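Trainee: Sharing a sequence plus its predicted fold:
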Amino acid sequence: MAEKNFYVTTPIFYPNANLHLGHAYVTTLTDVIARYHRLVGDTTYFLTGSDENTQKILSAAADAGVTPQQFLDDKVEGFENLFKQLNISYDQFIRTSDEKVHWPGAVALWKKLDAAGDLYKKQYEGLYCVGHEAFITEKDLVDGACPDHGTAPERIQEENYFFKLSKYTQTIKTKIESGELCIIPESRRHEILSLLAEGLQDVSFSRPRTPMSVGIPVPGDTTQVMYVWCDALSNYITALGYGQDETLYKTFWPANVHIIGKDILRFHAAMWPAMLLSAGEPLPKSILVHAMILSGGRKMSKTLGNIIDPQELLQEYGTDAVRYFLARHISPFEDGDITREHFKDAYNADLANGLGNLVARIMQLAQTHLSAPVELEYKPFPKEYTDAFERFEINKAADHVWGRIQALDQKITEMAPFKVVKEDEEKGRGIIIELVVELACIDQMLEPIMPQTSKKIIDAIMTNKKPENLFPRKE
RNA sequence: AGCGGGGUGGAGCAGUAGUAGCUCGUCAGGCUCAUAACCUGAAGGUCGCGGGUGCAAUUCCCGCCCCCGCAACCA
């Protein structure tokens, strides 16, 4: 628990649609981890942002009848709005369309790859599916047409820059095996190692620039724009001023952890490390691959109609209840499940009957029988709690806290201060003070998960007043 | 097809070679400080199916069945 610098990132999100519960999850997970590190005294930097240099924005904007810039600004405002409602404490929100913050760093990184001799031009011929806005392979075709769009792809020939990804296969493999680059959990580590065992192919790293192109121009070649993943991945360092004012970069890079979803593992655990190796920069220390949230055992989709909108939950239950559910009832590593019914049950059992009721019982006793606020003494966090956080198992950390809540409820019943105080006032007060002290300890551990609630509870303790009903029971 | 994850009391999940645990729900009792809350106890499972190895398998091995994900606006 030595104080140190801690840099944590979320993926950057596509602004072509509104954010859903999955985005809310990864961001909340990251926020809980960031808040924990601040709490234990680490100098913490938390980055999130949006991935805006994508061709799809153009058509989405056209459909919406606005300019691409308006469209982006609008979506990003929506992102920031959701993050505000979730009480996300990010230090920076990076937009890859930002030509001042992001572009110079991405260009600097490109130049490093080029200087290392890892970029080369190659004639590329492939089947381009207009629907995908991407190249697809021969074997994807069904009766000569793209199975998803039902149209025949165009055979396109173009000259692109290629990145020598293959060159770094072995180095990356070694670093992952040695734990120098830690992939969490184990199952994902195996997955990426088996991918590396097959060997990495060099990848196209640019596209020809057209009048309608979106993206960062390749330095020294105005006919090309950077491949979107090359552009996007570099956000983790451009946000720290890489290639410009590198004060933050020097302080915080390498990142302690990139938090990502399993669908983008190969970009983060293969392509990104290769880029950094090529540029001679250190690799991130770990990559945390979280699982997906299912609804009723199925992936959320419009067709199934099982989508749960984070806004809906936020409105009905409030910020901290949503944060609590995501942190405790969704495992970071196994697919989790959420239904409205399940959410309500957890809310009533753990927040209304559990935490909320406990605070009410103790503070009622304190307010009635103590003449002044209790003087608090804080103990160091228990190992079970800190270990869970070091392993990024925030659900286990929360389990520990709720175990303490249950134990405190038992203690009240056993010691019966409400009864004792009638016979021996001093003794009764002593018990109540003990209870308040323990509540304050619990409250402190609650902070990363439920910052607003934690504040309300400590305020109640400091003023020796029973607070308003924290979590009214829902029927 | 291939790859990956999973099938444990009503629901959601842990878990281990040797009396199967947790949370929610249900039922009974207790308490009265508290949000009809809290505490104690109980009922409820042949741990997907078939075979193998072992003194012993839910746990290891083999085969099979079923569900889900990876390709679709989607972490």
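Mentor: Looks like it arrived, so ask away.
Trainee: In this structure A:His317 contacts A:Asp350, no?
Mentor: Not His; residue A:317 is Tyr. No - contact criterion C-beta atoms under 8 Å: A:Tyr317 and A:Asp350 do not qualify, at 12.0 Å. C-beta coordinates here come from the backbone N, C-alpha and C atoms, glycine included.
Trainee: Tell me which of these two has more neighbours.
Mentor: A:Asp350 (21 against 18; other C-beta atoms under 10 Å).
Trainee: Check whether that one sits in a helix, strand or coil.
Mentor: Of the three states, A:Asp350 takes helix according to DSSP: H, G, I helix; E, B strand; the rest coil.
Trainee: isn't it right up against A:Tyr324?
Mentor: Yes - with contacts counted by C-beta under 8 Å, A:Asp350 reaches A:Tyr324, the gap being 7.2 Å.
Trainee: any common contacting residues for these two?
Mentor: Common neighbours of A:Asp350 and A:Tyr324, counting by C-beta atoms under 8 Å, 6 or more residues apart in numbering, are absent.
Trainee: List the buried residues in the helix or strand containing A:Val26.
Mentor: Using DSSP states H and E, the element containing A:Val26 is helix A:21-39. Neighbour counts using 16 or more other C-beta atoms under 10 Å place A:21-37, A:39 of helix A:21-39 among the buried residues.
Trainee: And the next helix or strand past that helix?
Mentor: By DSSP H and E, the next helix or strand past helix A:21-39 is strand A:43-50.
Trainee: How about the residues of the stretch 251-400 of chain A by RNA strand B?
Mentor: A:260-261, A:263-264, A:290, A:292-294, A:297-303, A:331, A:334-337, A:342, A:345, A:348-349, A:352-357, A:359-361, A:364-365 (C-beta under 7 Å from any atom of the strand).
Trainee: For the stretch 201-350 of chain A, give me the ranges with low pLDDT.
Mentor: A:296-306 (pLDDT under 70).
Trainee: could you redo the last one with a cut-off of 80?
Mentor: A:210-213, A:262-263, A:291-308, A:331-338 (pLDDT under 80).
Trainee: Who are the contact partners of A:Asn469?
Mentor: A:Gly356, A:Ala360.
Trainee: Can you tell me how far it is from RNA strand B?
Mentor: Distance, A:Asn469 to RNA strand B, using C-beta to the nearest atom of the strand, to the nearest Å: 5 Å.
Trainee: Distance check, that residue against A:Ile237.
Mentor: 47 Å (C-beta to C-beta, to the nearest Å).
Trainee: Over to A:Pro219?
Mentor: 16 Å.
Trainee: same deal with A:Met212?
Mentor: 29 Å.
Trainee: Could you say which helix or strand holds the residue lying closest to A:Leu195 once chain neighbours are set aside?
Mentor: Spatial nearest neighbour of A:Leu195, excluding adjacent residues (C-beta to C-beta, 6 or more residues apart in numbering): A:Arg266 at 6.2 Å. Element membership for A:Arg266 (DSSP H and E) is helix A:265-266.
Trainee: same thing with A:Arg473?
Mentor: With DSSP H and E as the test, A:Arg473 turns up in no helix or strand.
Trainee: Please name the residues that touch it.
Mentor: A:Asn348, A:Ala352, A:Asn353.
Trainee: Do I have it right that the first one meets A:Lys474?
Mentor: By that I understand A:Asn348. Yes - look at A:Asn348 against A:Lys474 with C-beta under 8 Å: they come within range, at 6.1 Å.
Trainee: Which one of those two is surrounded by more residues?
Mentor: Set A:Asn348 next to A:Lys474 and count neighbours by other C-beta under 10 Å: A:Asn348 wins out with 17 against 14.
Trainee: Please name the residues that touch the more buried one.
Mentor: A:Arg473, A:Lys474.
Trainee: residue farthest from the centroid of chain A?
Mentor: Relative to the mean C-alpha coordinate of chain A, counting by C-alpha atoms, centre = their mean, the farthest residue is A:Glu423 (53.2 Å).
Trainee: For that one, list the residues it contacts.
Mentor: Per C-beta under 8 Å, 6+ apart, neighbours of A:Glu423: none.
Trainee: which stretches of the stretch 101-250 of chain A form strands?
Mentor: With DSSP state E, counting those that start in this stretch applied, the stretch 101-250 of chain A shows strands at A:119-129, A:134-136, A:154-163, A:182-184, A:203-204, A:206-208, A:217-218, A:221-226, listed in chain order.
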